[in-house]
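Q: Model the structure of this input:
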Amino acid sequence: MKTIGLIGGMSWESTAHYYRVLNQETARRRGGLHSAPLIIHSLDFAEIAALQDAGEWDRAGQILHGVAGGLVDAGAQILGLATNTMHIVADAIQADLNTPFIHIAEPTAAALLADGFDTIGLLGTSFTMEMDFYRNRLIAQGLEVMIPDVDRTNLNAIIYNELCRGVVTPQSRQTYVSAIARLQQRGAQAVILGCTEIGMLINDDISPLPTYDTTELHAHALVAAALA
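A: Take a look at the predicted model:
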């Protein structure tokens, strides 16, 4: 099994989830006491979030590219970025690196299409919902993508002010359930939990629509690539 290099810390809550799923999926596939050969560089999210707010995406890309290079130098043979939003700089991360990089949107789109869905709702940070770097990846795979028509600011605030800090409340859960219900009324067949923390709040048991947790799907894809 190849060694997986994971760029994490954005937030550490979701990176901890990645660590668990990567090892659970490796054990499921290989059996026994097997776990994932894994190198994690966990960043200080406060510094990255400040660059997001300032729109300094080039600088963020430079930082993450440097981290990716460090992971490769340390022995990583497969690369993954444990956050949806920062895939806005996916091209910068991969520049001049020959190590395979598994984009989070690819296994997500593949799972939706395999299940017969073509009209989906996308939840995430304001950057992920409103900018085209993520939606275009999904559209290119043949999906029609909807984003919430109201409450996007509130949905974003729940991610940064609560989920990234490990806070889960019934009120915020209901806010997300209501947003999914409105997407359903507009014709969405399923919903992407397009921020790696949203799975802390929403699952199929309480969602009006089938949910696709990008953390789970991405981690499984990383393991599959490492075993290929």
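Q: In contact with the residue nearest to A219 when sequence neighbours are not counted, which residues?
A: For A219, ignoring the flanking residues on the chain, the nearest one in space by C-beta to C-beta, 6 or more residues apart in numbering is V21 at 3.9 Å. (Glycine included, C-beta is placed from N, CA and C.) With contact set as C-beta atoms under 8 Å, 6 or more residues apart in numbering, V21 has these partners: 215-216, 219-220.
Q: so after the helix or strand harbouring V21, what's the next helix or strand?
A: Using DSSP states H and E, V21 falls within helix 12-30. Beyond helix 12-30 in the direction of the C-terminus, DSSP H and E gives the next helix or strand as strand 38-42.
Q: Next, name the residue at the spatial heart of this structure.
A: Centroid-nearest residue in the chain: N84, 3.6 Å away (criterion: C-alpha atoms, centre = their mean).
Q: surely that one meets T125?
A: Yes: the criterion here is C-beta atoms under 8 Å, and N84 meets it with T125 at 7.4 Å.
Q: anything in contact with each of those two?
A: When C-beta under 8 Å, 6+ apart defines a contact, the residues bordering N84 and T125 alike are C195.
Q: Could you pull up phi and psi at A181?
A: The phi and psi values for A181, taken as degrees, to the nearest 10, are phi -60, psi -40.
Q: The residue nearest to it when sequence neighbours are not counted in helix, strand or coil?
A: Using C-beta to C-beta, 6+ apart and skipping residues adjacent in sequence, the residue nearest A181 is P208, 4.7 Å away. Secondary structure assignment for P208 (DSSP: H, G, I helix; E, B strand; the rest coil): coil.
Q: Name all residues that make contact with P208.
A: P208 sits next to 177, 180-181, 184 when contact means C-beta under 8 Å, 6+ apart.
Q: tell me the contacts of I158?
A: For I158, the contacting residues are 172, 175-176, 201, by C-beta under 8 Å, 6+ apart.
Q: Could you turn the buried ones of those into a ChimeraX selection?
A: Buried residues within these, by 16 or more other C-beta atoms under 10 Å, are selected in ChimeraX with:
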select :172,175,176,201
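Q: if I read this right, W57 contacts V89, doesn't it?
A: Yes: the pair formed by W57 and V89 meets the contact definition of C-beta under 8 Å, at 5.8 Å.
Q: More neighbours: the two, which one.
A: Relative neighbour count places V89 above the other of W57 and V89, with 22 against 17, counting by other C-beta atoms under 10 Å.
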